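> coords please:
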Amino acid sequence: MSGSICLDKIDKKYIFEYNGKRYVNLRFKFTPDNNYGNDYMITQDVDKETRAQCKQTGQWPETPILGNCKAWSGERAQATHQGTPPSPVASASNDEGLPF
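Predicted structure coming up:
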């Protein structure tokens, strides 16, 4: 898969630290009929405490759409034949130049 996100749209209150590194959780929503040819919409996920509270109340916060991604042709063809979306793959990098 390949895609991109807009770092400026990340809600900084959901950035968390683990083992001295900063992370943000993302959600990939399968969007097979996207007008722009993308297979997934990428949104920001909320922290564990907010998720637990949302499950109790049934009210989920609006989270920004950060970007989109596209499955590589082999995965896309396989998903079409099987009727299931390809699995998103996360990659880690050390980006010290992030704006947050």
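
> Looks like F16 contacts E49 (just checking).
No: using C-beta atoms under 8 Å, F16 makes no contact with E49, being 10.3 Å away. Glycine gets a C-beta too; all of them are placed from N, C-alpha and C.

> And those two? Which one has more around it.
Under the neighbour definition other C-beta atoms under 10 Å, F16 and E49 were set side by side, and F16 has more, 12 against 8.

> and that one, how far is that from L26?
13 Å (C-beta to C-beta, to the nearest Å).

> Identify the residues contacting D45.
Counting by C-beta atoms under 8 Å, 6 or more residues apart in numbering, D45 touches Y14, V24, N25, L26, R27, R51, T63.

> Mind putting those into JSON lines with pLDDT, distance to C69 and secondary structure?
Shown next, in JSON lines, are those (pLDDT from 0 to 100; distance: C-beta to C-beta, whole Å; DSSP: H, G, I helix; E, B strand; the rest coil):
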{"residue": "Y14", "pLDDT": "85", "distance to C69": "20", "secondary structure": "helix"}
{"residue": "V24", "pLDDT": "90", "distance to C69": "15", "secondary structure": "coil"}
{"residue": "N25", "pLDDT": "89", "distance to C69": "16", "secondary structure": "coil"}
{"residue": "L26", "pLDDT": "91", "distance to C69": "10", "secondary structure": "strand"}
{"residue": "R27", "pLDDT": "88", "distance to C69": "12", "secondary structure": "strand"}
{"residue": "R51", "pLDDT": "80", "distance to C69": "22", "secondary structure": "helix"}
{"residue": "T63", "pLDDT": "79", "distance to C69": "16", "secondary structure": "coil"}
